[in-house]
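*Asks:* predicted model, plus sequence, below.
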Amino acid sequence: MRHLLLLAGAALLAFGPRSVHAQASSDRDAVRLAVLDYVEGFYEGDTTRLVRSVWTEVRKYGYWRAKPDSPYAGEAMPFSGFMTYANGVKSGRNRTPAGAPKEIVVFDVQDQTASAKLTAWWGTDYLLLAREGGRWMIIQVLWQSPPPK
């Protein structure tokens, strides 16, 4: 019996961390893809990508400036605002600047929650994600326009 326990322990040490690491790595990739769907959904006006990556009850709140020397103003954006903006890109009303950045940093991935940072043309987004229906979905976003230089 003791011999079987030692073998089981050795097998766990040999295979356990790798399989846990593999899952964490694939979850990390899935979180990155959710953030990429989010930013490219806005950039390309692709509502399908936004629906795939953003929870319909998302809470997005941000701080922006009308001019570099004006004070920040706060504004919420409900899920319907995501769709309106993306449709505006599709119709040509909203435009994504040429060479717009989309830098993604994944901070933390657990089994149910994750956090990431996106640098986009509109500023910096801090995103909280959750595993919903087997997919990583953006649940909350806090953002601000670029700080004055």
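*Replies:* All right, it came through fine. Numbering: from 1, shown residues only.

*Asks:* and the residue nearest the centre of the chain, helix, strand or coil?
*Replies:* Most central in the chain under C-alpha atoms, centre = their mean is V35, positioned 3.1 Å from the mean C-alpha point. Secondary structure, DSSP: H, G, I helix; E, B strand; the rest coil: V35 is helix.

*Asks:* how close does it sit to R65?
*Replies:* Here V35 is placed at a distance of 24 Å from R65 (C-beta to C-beta, to the nearest Å). Just so you know, the C-beta spots here come from the backbone N, C-alpha and C atoms, and that holds for glycine as well.

*Asks:* equivalent analysis for E40, please.
*Replies:* Taken as C-beta to C-beta, the span from E40 to R65 is 25 Å.

*Asks:* list the buried residues of stretch 142-149.
*Replies:* 143-145 (16 or more other C-beta atoms under 10 Å).

*Asks:* also stretch 87-106?
*Replies:* So, applying 16+ other C-beta under 10 Å, buried residues of stretch 87-106: 89, 96, 102, 104, 106.
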